[in-house]
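# what's the 3D shape of this:
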Amino acid sequence: MSEQQFSAWAIVELFGRQVTAGRIGEQTIGGETFIRLDIPKPDGSEYTRLFGKGAIYCINICEEATARSYATRTRPPLQPYTALPAPADSPDPNTETGLSPESHRASGHDDDDFELF
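Numbers count the residues shown, from 1 in each chain. Down below sits the predicted model:
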């Protein structure tokens, strides 16, 4: 017998006084089960958040229209991460000074040119 996946529209109350709404279900990652919440946006798209079971204070099952209405009044907590290109004049991140070993030596600096405290 196959197990039926739970799915419903709900307003979800999280610890830390956060409240959000959407279609609730579950998802397993790495052997751990998370509460999955697909949250609709006003433009018709949606984003997904996964919560550990201990993060949820209350799940209020409701009609789809109620959950959608509540969800459109909230904002996503984070926007997707986007890597920005490095400026052309940025220092080399592979060295402490931002200079390559060759340019460090060429600048006249010696490794013994510093004092400790």
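# Which of the three states applies to residue 70?
Under the three-state scheme (DSSP: H, G, I helix; E, B strand; the rest coil), residue 70 adopts helix.
# That one: neighbour count?
For residue 70, the neighbour count with other Cβ atoms under 10 Å is 21. C-beta here means a position set from N, CA and C on the backbone, and glycine is covered the same way.
# where in the chain is pLDDT low?
1-4, 75-81, 88-117 (pLDDT under 70).
# show me where it has helices.
Here the chain has its helices, by DSSP state H, at 64-71, 101-106.
# give me every residue that touches the closest residue to residue 51 other than its chain neighbours.
Here the nearest residue to residue 51 in space, its sequence neighbours aside, is residue 35; by Cβ to Cβ, 6 or more residues apart in numbering that works out to 4.6 Å. Neighbouring residues of residue 35 by Cβ atoms under 8 Å, 6 or more residues apart in numbering: 12, 24, 25, 26, 50, 51, 52, 53, 55, 56, 59.
# What is the nearest of the residues you listed to residue 69?
Nearest to residue 69, judged by Cβ to Cβ, of the contacts of residue 35 is residue 12 at 14.6 Å.
# Report the beta-bridge partners for the closest one.
Applying DSSP bridges to residue 12 gives these bridge partners: residue 20, residue 59.
# isn't it right up against residue 62?
No. Using Cβ atoms under 8 Å, residue 12 makes no contact with residue 62, being 10.4 Å away.
# Give the intersection of the neighbour lists for the two.
Residues touching both residue 12 and residue 62 by Cβ under 8 Å, 6+ apart: residue 21.
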